[in-house]
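Trainee: model this:
(2 chains)
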Amino acid sequence: MVVRAPGAYPWLTAGGAAQSVGFAPVTVADQLPRDRNARSWSKAIWLYLALVLVYHRSFEWSFRSPALQNWSTILVSLTLQAVPFLVLGVVVSAAVSTLVPTAWIDKALPRSDLLAIPVAGLAGGVLPGCECSAAPVAARMVSRGVRPAAVFTFLLAAPAINPVVLVSTAVAFPGQPQVVLARLVASFMTATIVGFVWLRVSRADDRLPDRLRSQVDQHHHSFVTTATHDFVQAGGFLVLGAALVATLQTVVEPSVLESLGGTGVVAALTMAALAVVLSICSEADAFVAAGLTGFPLSARLVFLVVGPMVDLKLIALQTGIFGRRFSSVFAPLTFVVAVVVASLVGLVLL
Amino acid sequence: MNRRDAAGVVLLCGVVALASSISGAVLDFLRPSMRPWVGIAGAILASVGAVELWRSRGAVAHDHHAPPRLGWLVVVPIAVGLTVGAGSLGVYAVGRNATYATLPEIPSGFDLENYVRSASYGGQPIEITLVDLSVAASAPDTRALLRGHDLRLVGFLARDGGEVRLSRFVISCCAADAIAVQVVLDGGADLPADGTWVEVVASLAPDAADEPTGGGSTDLALPHLEIGSVRTIAEPRLPYELPVSRIGG
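Mentor: Reported below is the predicted structural model:
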């Protein structure tokens, strides 16, 4: 089997370990052919890209499947939409990495965790970022020594309660300001509760990759190299999530999920599942929620709270940035807290 | 994937994003307000990729800072999109999204009465989006305002059962959140094939639609129109409508 260095993880460690996945057993003897193999693969990919860039008009005639067209349109939409936000996140995080002194941000936060976590949540609410830009920035903050619990509160709050999202919610639910208030309250509460749980769970930070905890890597890399690396790594996982979403949107009849419908707990869980599957960006999900009139308002609140925090696209992105060990705990934890909090807030406010 | 591959991928993404923003291809996938941001992001990516590609000349293949192989996935949307010729959502998506189309809740804030008065001045057909029309047709008092006026609509044809429907998608962010908006064209049996873009001049049909429709249910009560004239057109530069009317705001 593949021998890994202690602490190394195939999704995260660059270069050697990642490249050996899927090529077991690897011995010293076949290192060279493997390298040559990888190089010829990359040559083949570049050749195909060159071909398709030049001759795409003739390619298009040979593929006329409506389902495939639909799949590719959704894949391209989700990816293209994320590009400006991902670039913003990568540029900010590369700037944090190369410009901001270690632990400077952490000192700017209140020393007490009881205060630092809500403050981080509020900071997320003020910055008009989307989920795709928050993740790289959060990773960089962790690697610069900011307390992880506070960073994850920021990560959850930023896409959920920023002004742009709240305004679009108000537009989508005209004459129902209580929906905006409920979304704000439930999202903020979810973000801070997950932050506190992360703090209490002993050794939760052990789930973070060494790369983020050691604070020694990446010091000697330039802005451009860091940005390239971050974009390609986050982007790869983002595309994986987007492809999953496109497949589900193309293959699964939406009416299947909608027909589950109903009331109470079933409705809330259905809407939560729908939010995870659809992976709509937080600025747009209010409009879709407004259209799902078969569900009670409190179930639609669950959709609005879960969507920006846990969805297929985000889980893939977080796995890419924080590692599988992290997201296998963080995503389910956030999902459960979000569903419970949103349901309770819905009972009180809606 | 080595450092040079990663730099090449970033450069390619940047160039494609920039080109799609300049050419307007981005409008097939995103709302128009995203267009300049995609262009700016593309320019940043292209410069970063170019600089990194230049700097990594002769870099060792096994740089410890090389991104994981999964990074190759970044080129998949570009390769697939170009190979199959991804464009705006079409008839296939209408069938899949129709169940989301419960229109009375889509906001469309504009003063219909005022608009009908000024737009019908001189007796010309009133230009109206399918969203605005559907919202207006869902309530008796606004439907009365449109009654008797010729309406000019743009959309593509999509048949459902025996009905010919004029269709368009409403997007709020990107094509993944598209909601189909449809009206029924009565007596449109000999219209062009599904997927053809048309400009229709039509008026609200004086039928059972005057009964209040079942707004709020998932059951679609689409407005029926009587066709005046139909003209085949090329796909508009903006294939999607936006939830907030371009007239209102």
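
Trainee: From now on I want contacts and neighbour counts done on CA atoms only, so please keep to that.
Mentor: Fine.

Trainee: Quick check: pLDDT value at B:A61.
Mentor: We have a pLDDT of 53 for B:A61.

Trainee: same check, this time on the one 3 residues further on
Mentor: The per-residue pLDDT reported for B:H64 equals 57.

Trainee: for B:F156, same thing?
Mentor: pLDDT recorded at B:F156 is 95.

Trainee: what residue is smack in the middle of chain A?
Mentor: Central residue of chain A (Cα atoms, centre = their mean): A:L314, 2.4 Å from the mean position.

Trainee: who's in contact with it?
Mentor: Contacts for A:L314 (Cα atoms under 8 Å, 6 or more residues apart in numbering or on different chains) come out as A:E131, A:C132, A:L238, A:G241, A:S279.

Trainee: gap between B:L153 and A:F335?
Mentor: Remark: distance between B:L153 and A:F335 (Cα to Cα, to the nearest Å) = 43 Å.

Trainee: give me the residue from chain A nearest chain B.
Mentor: Residue nearest to chain B within chain A: A:G236 (4.4 Å; Cα to the nearest Cα).

Trainee: A helix includes that residue, no?
Mentor: Yes - A:G236 forms part of a helix when assessed by DSSP: H, G, I helix; E, B strand; the rest coil.

Trainee: List the buried residues in the helix or strand where A:G346 lies.
Mentor: Taking DSSP states H and E as the definition, A:G346 sits inside helix A:324-349. Within helix A:324-349, the residues that count as buried by 16 or more other Cα atoms under 10 Å in any protein chain shown are A:324, A:326-327, A:330-331, A:334-335, A:337-343, A:345-346.

Trainee: just the helices in the stretch 101-250 of chain A please.
Mentor: Remark: helices assigned in the stretch 101-250 of chain A by DSSP state H, counting those that start in this stretch are A:104-108, A:113-126, A:131-143, A:148-161, A:163-172, A:177-200, A:210-213, A:223-251.

Trainee: Below-threshold pLDDT in chain B: ranges please.
Mentor: Within chain B, the segments meeting pLDDT under 70 span B:59-66, B:97-110, B:207-220, B:244-249.

Trainee: In it, which residue sits nearest chain A?
Mentor: Across chain B, no residue is closer to chain A than B:G71, which sits at 4.4 Å (Cα to the nearest Cα).

Trainee: what's the spacing between that residue and A:H229?
Mentor: Remark: distance between B:G71 and A:H229 (Cα to Cα) = 9 Å.

Trainee: now swap in A:G124 and tell me
Mentor: Relative to A:H229, and taking Cα to Cα, A:G124 is found at 25 Å.

Trainee: Between the two, tell me which one has more neighbours.
Mentor: Neighbours were counted for A:G124 and for A:H229 using other Cα atoms under 10 Å in any protein chain shown; A:G124 has more, 25 against 22.

Trainee: Test my guess that that one contacts A:L155.
Mentor: Yes - A:G124 lies in contact with A:L155 (Cα atoms under 8 Å); the separation is 7.1 Å.

Trainee: before we move on, back to that, could you identify the most distant pair in the contacts of A:L314?
Mentor: By the measure Cα to Cα, A:E131 and A:G241 form the most distant pair in the contacts of A:L314, at 13.2 Å.

Trainee: got the contact list for B:V76?
Mentor: B:V76 makes contact with A:V239, according to Cα under 8 Å, 6+ apart.

Trainee: Could you look up the SS state of it?
Mentor: Assigned state for B:V76: helix (three-state reduction, three-state DSSP).

Trainee: again, but for the one 10 residues further on
Mentor: In terms of secondary structure, B:A86 is coil; the call rests on three-state DSSP.

Trainee: thought it was touching A:Q69?
Mentor: Yes - counting by Cα under 8 Å, B:A86 touches A:Q69, with 5.7 Å between them.

Trainee: still on that earlier bit, how many neighbouring residues does the residue of chain B closest to chain A have?
Mentor: If you count neighbours by other Cα under 10 Å, B:G71 ends up with 27.

Trainee: separation between the closest residue in space to it that isn't next to it in sequence and B:V9?
Mentor: Distances taken as Cα to Cα, 6 or more residues apart in numbering or on different chains place A:G236 nearest to B:G71, at 4.4 Å, with adjacent residues excluded. Computed as Cα to Cα, the A:G236 to B:V9 distance reads 11 Å.

Trainee: Mind listing the shared neighbours of the two?
Mentor: Common neighbours of A:G236 and B:V9 (criterion: Cα under 8 Å, 6+ apart): B:W72, B:V74.

Trainee: re earlier: a markdown table for the helices of the stretch 101-250 of chain A, including mean pLDDT?
Mentor: Shown next, in a markdown table, are the helices of the stretch 101-250 of chain A (pLDDT from 0 to 100):
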| stretch | mean pLDDT |
| --- | --- |
| helix A:104-108 | 77 |
| helix A:113-126 | 86 |
| helix A:131-143 | 80 |
| helix A:148-161 | 89 |
| helix A:163-172 | 80 |
| helix A:177-200 | 94 |
| helix A:210-213 | 67 |
| helix A:223-251 | 83 |
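
Trainee: Is it possible to get a markdown table of these that adds distance to B:R147?
Mentor: A markdown table is the format used below for those (distance: least, Cα to Cα, whole Å):
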| stretch | distance to B:R147 |
| --- | --- |
| helix A:104-108 | 62 |
| helix A:113-126 | 46 |
| helix A:131-143 | 45 |
| helix A:148-161 | 42 |
| helix A:163-172 | 27 |
| helix A:177-200 | 33 |
| helix A:210-213 | 65 |
| helix A:223-251 | 38 |
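
Trainee: what's around B:R147, how many residues?
Mentor: B:R147 has 14 neighbours, counted by other Cα under 10 Å.

Trainee: need the contact list for the closest residue to it other than its chain neighbours.
Mentor: Of all residues beyond its chain neighbours, the one nearest B:R147 is B:L204 (6.1 Å), with distances taken as Cα to Cα, 6+ apart. B:L204 makes contact with B:L146, B:R147, B:G148, B:H149, B:P223, B:H224, B:L225, B:E226, according to Cα under 8 Å, 6+ apart.

Trainee: Give the ChimeraX command for selecting the buried subset of those residues.
Mentor: To isolate the buried subset of the contacts of B:L204 in ChimeraX, counting by 16+ other Cα under 10 Å, use the following:
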select /B:146,149,223,224,225,226
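
Trainee: Grab the nearest non-local neighbour of B:A86.
Mentor: Leaving aside its chain neighbours, B:A86 sits nearest to A:T73 (5.2 Å; criterion: Cα to Cα, 6+ apart).

Trainee: by how many degrees do the one helix or strand that neighbour maps to and helix A:223-251 diverge?
Mentor: In this assignment (DSSP H and E), A:T73 forms part of helix A:66-99. Interaxial angle of helix A:66-99 relative to helix A:223-251 (axes from the mean of the first three to the mean of the last three Cα atoms, to 10 degrees): 150 degrees.

Trainee: what about stretch B:33-52 and chain A, touching?
Mentor: Yes - Stretch B:33-52 reaches chain A (Cα under 8 Å from any Cα of the partner chain) through B:M34, B:W37, B:V38, B:I40, B:A41, B:G42, B:I44, B:L45, B:V48, B:G49, B:V51, B:E52.

Trainee: Restrict these to the buried ones and give me that as a ChimeraX selection.
Mentor: A single ChimeraX command selects the buried members of the residues of stretch B:33-52 next to chain A (16+ other Cα under 10 Å):
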select /B:34,37,38,40,41,42,44,45,48,49,51,52
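
Trainee: Tell me the one among the residues of stretch B:33-52 next to chain A nearest to B:A25.
Mentor: Looking across the residues of stretch B:33-52 next to chain A and measuring by Cα to Cα, the closest to B:A25 is B:V38, at 11.1 Å.

Trainee: for chain B, what spans make up the helices?
Mentor: In chain B, the segments counted as helices under DSSP state H are B:3-23, B:35-55, B:76-84, B:91-97, B:112-119, B:130-137, B:140-146.

Trainee: would you turn these into CSV with distance to A:L109?
Mentor: Formatted as CSV, the helices of chain B follow (distance: least, Cα to Cα, whole Å):
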stretch, distance to A:L109
helix B:3-23, 34
helix B:35-55, 31
helix B:76-84, 40
helix B:91-97, 46
helix B:112-119, 51
helix B:130-137, 47
helix B:140-146, 54
